[in-house]
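Participant: Take a look and give me a structure for this.
(chains A and B)
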There are 2 protein chains.
Amino acid sequence: MDNTTQRIDAAAADRSDPLRGFRERFHLPEGVIYLDGNSLGALPESVRQRVLNTIDKEWGVDLIRSWNTADWVHLPQRVGACIARIIGAEEGAVVAADSTSINLFKVLSAALDLNPGRSKIVSERENFPTDLYIAEGVAKQIGKGHRLVLSDSPEDIPGLLDEDVAVLMLTHVNYRTGYRYDMAALTRAAHDKGILVIWDLAHSAGAMPVDLSGAEADFAIGCGYKYLNGGPGAPAFLYVNPRHHGGFRQPLSGWFGHRAPFDFDSAYTPSNKIEQYLCGTPPVLAMVAMDEAMAIWDDVDMAALRAKSIALCDLFIQEIDSFAERLGLRLVTPREPELRGSQVSYSCENGYAIMQALIARGVIGDFRAPDIIRFGFTPLYLSFAEVEKAAAILKDILETSAWDAPEFHVRGAVT
Amino acid sequence: MDNTTQRIDAAAADRSDPLRGFRERFHLPEGVIYLDGNSLGALPESVRQRVLNTIDKEWGVDLIRSWNTADWVHLPQRVGACIARIIGAEEGAVVAADSTSINLFKVLSAALDLNPGRSKIVSERENFPTDLYIAEGVAKQIGKGHRLVLSDSPEDIPGLLDEDVAVLMLTHVNYRTGYRYDMAALTRAAHDKGILVIWDLAHSAGAMPVDLSGAEADFAIGCGYKYLNGGPGAPAFLYVNPRHHGGFRQPLSGWFGHRAPFDFDSAYTPSNKIEQYLCGTPPVLAMVAMDEAMAIWDDVDMAALRAKSIALCDLFIQEIDSFAERLGLRLVTPREPELRGSQVSYSCENGYAIMQALIARGVIGDFRAPDIIRFGFTPLYLSFAEVEKAAAILKDILETSAWDAPEFHVRGAVT
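Facilitator: This next block holds a predicted model:
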């Protein structure tokens, strides 16, 4: 190639990678190039011992006393505080709790309550489906005729923001395309029309710096099991801007959201802090795994993380550019780093079988119907060499039609 | 004593205990008599290895593939099926998910939707507070003027059931008093007035046989971390009578409740089975612990469990009767076994400090404000000798005023 100045040299990039030391803090299986950390993050090595200690000592020996002695009772706040630091949230504005879907139910209900007299919830058709499903559920239960207005492309969003929109609800980085919205600009545009904004950070938290406070976002939700590496089905999180604390009630008013849960009052008096967004008893085993996974982030330079994320994605795109058109791959993720998250997706025919063939060769990404093969790039544990090799394996599979074997067409329950 | 024929002999009872073999399947700390299994069940020995396998192999090595290969995706149904067998539920009528509070939100919303045109939700003032809080939250969000009508004593419930009641919502066994409602009779009385019934089985599931199907109950919810021993903050469960499946929507309409979650449709099409009551991604680490804990129940004779539970409670009451009046304890749990669950509670002055003194002597029960000391009796891992000894220690503490030391008056976050 001629334009070597533009090209990323994988070996050189690995040598100068300031984050390369983090890989040893994760357990990664032999022979696997894991490009699915945006679906399930890899296992942090220290989680095993931490969970064992919780089982053996805290549960097994100290039993009920551990709610106090091991401070189980404040795990949602403690984990929330760790997450807050990497998403630019104010102190006391984040808790870890429940699932992303349930957390969206809470904050969307609260947002609609805070912005009465408007009928629309704006989102995008390509949003992660559960967000849209939850919006349907909230609107139906409130029963005041709120309706979901869905854009068909990111560019259409600003045009949909009018004085009848109560809430703009977007996933910061799209799960299929990897497209990234300009959080600050869209939040400002929405606020100008009196619209509250909810950001779903499922594909942002731990993938890049996020600045909720700087963007003056109203609410955010996100996932613990992707780039935060909290484990399968890890607790999710939610953010409420301090200016909205105490001003209204979210409807999932369980006892952990009470101002004094252990007074056992029969009437609900909500906490006027972020704790109001807690509901039932926190899942301790899942919470300690998440808490342990979050400890890694104390040492991560988020600017370096973002720089490596961009470089990993650029390298993958660069390698695939050399054969994409010839072999039927169409890049659906924006080329411009500022418009994307930490994933690269291609549309192609036979995507499901191609992904199965990749997995059989040790390159784990995933398939998203109808035609997307998706690769997530986790800067904490991926090397540039792996990314280069993954692209080479994909090329080989396509060139040899290796995906066209019967076993690669059998669908599992989760694809 | 003269009436030896009435008295329970602890040593003899232990010798003839058909459940005594189960104790070795639990980890119980040395020097502790654990009478708080109704707050947090003890650790089943096999949970450790099971969770380790999930961390090391399923998460650490197989990663995202475990949703299929380890069938993580069906954990809610699998655990639900185990629970179904011990609460008399029909096949396919129970799932494990979320917290008890959130599950109540789902089924109460569904019940109110199924029974329109009625304005009251009947419960009892002494119900576990989170149930009442959730009812407040549901009613407020629906915004149709539903109001909570609370009885001040169990006997008053039937008189509150009229044609304007949409839902009767009770905890089968009261968390403070241990009073147990007649599930079948009350359900029938409610149905006679066109009222739907939700039973909270937090203090019943795993404590005694329950027959939801026989009672024709409409809905039930319950807790995984008490008598089911699923671990701190374990997933909760919910039951929906098959006659109500598919007839309406619950509002927490996350993707796991979709008819085809992995089709990634933008519109919500609810499952017409129990799966509709799932919401977000299940917490796998917590679910596998729960799944493992449930394996024990395959071998439990529930009639024998109930017989031992009654005998353990009878023994405790018998021992305490000899000094209760003199030392200021008043039994608040019914003496009649058919009116109680598997706990015994006393009201007394200085209950908090007395419980702290007991805990310092290795007898772990708990305190419930304002004046209740509460003892749970878990038939799977308690011996009669322990119960006798616990009563003797309580007597000693009261006789010597050992509770009246400064350290026993310091309150923790969770009491």
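Participant: Surely residue A:132 and residue A:123 touch.
Facilitator: Yes - under the criterion of C-beta atoms under 8 Å, residue A:132 makes contact with residue A:123 at 6.3 Å. Bear in mind the C-beta positions are built from the backbone N, C-alpha and C, glycine included.
Participant: list the residues that contact both of the two?
Facilitator: Shared contacts of residue A:132 and residue A:123, defined by C-beta atoms under 8 Å, 6 or more residues apart in numbering or on different chains, comprise A:148, A:150.
Participant: residues in contact with residue A:297?
Facilitator: A:82, A:85, A:86, A:206, A:228.
Participant: Off-centre distance for stretch A:41-58?
Facilitator: 22 Å (C-alpha atoms, centre = their mean, to the nearest Å).
Participant: Ok, stretch A:333-351 next?
Facilitator: Relative to its chain's centre, stretch A:333-351 lies at 16 Å (C-alpha atoms, centre = their mean).
Participant: Report the buried residues of that stretch.
Facilitator: Judged by neighbour count using 16 or more other C-beta atoms under 10 Å in any protein chain shown, the buried positions of stretch A:333-351 are A:333-334, A:337, A:339-348, A:350-351.
Participant: Residue A:379: what's it in contact with?
Facilitator: By C-beta under 8 Å, 6+ apart, the contact set of residue A:379 is A:19, A:304, A:305, A:306, A:308, A:309, A:312, A:342.
Participant: Okay, and which of those residues map to helices?
Facilitator: Secondary structure assignment by DSSP state H places A:304, A:305, A:306, A:308, A:309, A:312 of the contacts of residue A:379 in helices.
Participant: Might one say that the third one is in contact with residue A:211?
Facilitator: No - at 11.7 Å, residue A:306 does not count as touching residue A:211 under the criterion of C-beta under 8 Å.
Participant: if we can go back for a sec, type out the ChimeraX command that picks the buried ones from the contacts of residue A:297.
Facilitator: Buried residues among the contacts of residue A:297 (16+ other C-beta under 10 Å), as a ChimeraX selection:
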select /A:82,86,206,228
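Participant: Let's see which of the contacts of residue A:297 end up in helices.
Facilitator: Those of the contacts of residue A:297 lying in helices (DSSP H): A:82, A:85, A:86.
Participant: returning to what we had before: from the contacts of residue A:297, which is closest to chain B?
Facilitator: Minimum distance to chain B across the contacts of residue A:297 is 13.5 Å, recorded for residue A:228 (C-beta to the nearest C-beta).
Participant: Let me see the contact set for that closest one.
Facilitator: Residue A:228 touches A:41, A:83, A:205, A:206, A:234, A:290, A:293, A:294, A:297, counting by C-beta under 8 Å, 6+ apart.
Participant: Helices of chain A, start to end?
Facilitator: A:10-15, A:47-53, A:66-69, A:75-86, A:100-114, A:129-142, A:157-160, A:183-192, A:212-215, A:284-295, A:302-321, A:324-327, A:351-360, A:384-399.
Participant: Any stretches of chain A with poor pLDDT?
Facilitator: Where chain A drops to pLDDT under 70, the residues are A:1-5, A:412-415.
Participant: what's the domain layout of it?
Facilitator: A:10-44+A:301-409, A:71-299 (automatic domain parsing).
Participant: Next, the distance between the ends of the shortest one.
Facilitator: By that I understand domain A:10-44+A:301-409. This stretch, domain A:10-44+A:301-409, spans 33 Å end to end (C-alpha to C-alpha, to the nearest Å).
Participant: before we move on, the earlier item: in strands, which of the buried residues of stretch A:333-351 appear?
Facilitator: Judged by DSSP state E, these include A:343, A:344, A:345, A:346, A:347 as members of strands.
Participant: Reformat those as JSON lines; add distance to chain B.
Facilitator: Listed next are these as JSON lines, based on distance: C-beta to the nearest C-beta, whole Å:
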{"residue": "A:343", "distance to chain B": "14"}
{"residue": "A:344", "distance to chain B": "17"}
{"residue": "A:345", "distance to chain B": "13"}
{"residue": "A:346", "distance to chain B": "17"}
{"residue": "A:347", "distance to chain B": "14"}
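Participant: Check these and tell me the two furthest apart.
Facilitator: Greatest spacing in these, by C-beta to C-beta: A:343 and A:347 (13.7 Å).
Participant: Next, see if stretch A:391-410 gets close to chain B.
Facilitator: No - if you take C-beta under 8 Å from any C-beta of the partner chain as the test, stretch A:391-410 misses chain B, and the best it gets is 10.5 Å.
Participant: What is the end-to-end distance of that stretch?
Facilitator: The first and final residues of stretch A:391-410 sit 24 Å from each other (C-alpha to C-alpha).
Participant: contacts for that stretch?
Facilitator: By C-beta under 8 Å, 6+ apart, stretch A:391-410 touches A:33, A:315-316, A:319-320, A:322-323, A:327-329, A:350, A:352-354, A:356-358, A:360-363.
Participant: Just the buried subset of the residues you listed, please.
Facilitator: A:33, A:315-316, A:319-320, A:323, A:327, A:329, A:350, A:352-354, A:356-358, A:361, A:363.
Participant: Centroid-nearest residue for chain A?
Facilitator: residue A:202 (1.8 Å; C-alpha atoms, centre = their mean).
Participant: Could I get the contacting residues of that one?
Facilitator: Residue A:202 neighbours (C-beta under 8 Å, 6+ apart): A:100, A:128, A:171, A:173, A:175, A:221, A:222, A:223, A:226.
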